[in-house]
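**Q** Need a 3D model of the sequence below.
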Amino acid sequence: MFDEPNIVNYIEVNRLARAGHLMRMNNDSILKKIFNTRPDGVRRVGRPKLRWEDRVDKDMRTLDVKNWKKVALDRDECAKLLKKARPRQGLSSQ
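**A** Numbering: from 1, shown residues only. Okay, here's the model as predicted:
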């Protein structure tokens, strides 16, 4: 409409780029340890909160990627996927 990039698309593509970067990190990295940690305990009753990883899953399914963690480990494949995602409008249906 105003010849400016769609902010939602920009955020989604950057989220996918960060997911790829996170998956390729060393396993000793603090961020990678936090990402792989599953908290102990029980969730509260009601609808579960969406996690960052859930949003990445949903965005990747929109791009017809079944196993995004495997794709993210290959830097070249991930770059091709991000190139494909950049011009796409509305990865999610928010």
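
**Q** Please give me every residue in contact with the residue nearest in space to the middle of the chain.
**A** The C-alpha lying nearest the average C-alpha coordinate of the chain belongs to V56 (Cα atoms, centre = their mean; 2.8 Å). Going by Cβ atoms under 8 Å, 6 or more residues apart in numbering, V56 touches R15, L16, A19, W68. Backbone N, C-alpha and C define where each C-beta goes, glycine included.

**Q** now these in JSON lines, with secondary structure?
**A** Formatted as JSON lines, the contacts of V56 follow (DSSP: H, G, I helix; E, B strand; the rest coil):
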{"residue": "R15", "secondary structure": "helix"}
{"residue": "L16", "secondary structure": "helix"}
{"residue": "A19", "secondary structure": "helix"}
{"residue": "W68", "secondary structure": "helix"}
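
**Q** So among the residues you listed, which ones count as buried?
**A** Restricting those to buried positions leaves L16, A19, W68, with burial counted as 16 or more other Cβ atoms under 10 Å.

**Q** Does anything pack onto the helix or strand that contains E12? Which helices or strands?
**A** Element membership for E12 (DSSP states H and E) is helix 7-24. Contacting helix 7-24 under the criterion 3 or more Cβ pairs under 8 Å, 6 or more residues apart in numbering; DSSP states H and E are the following elements: helix 30-36, helix 52-62, helix 68-73, helix 75-85.
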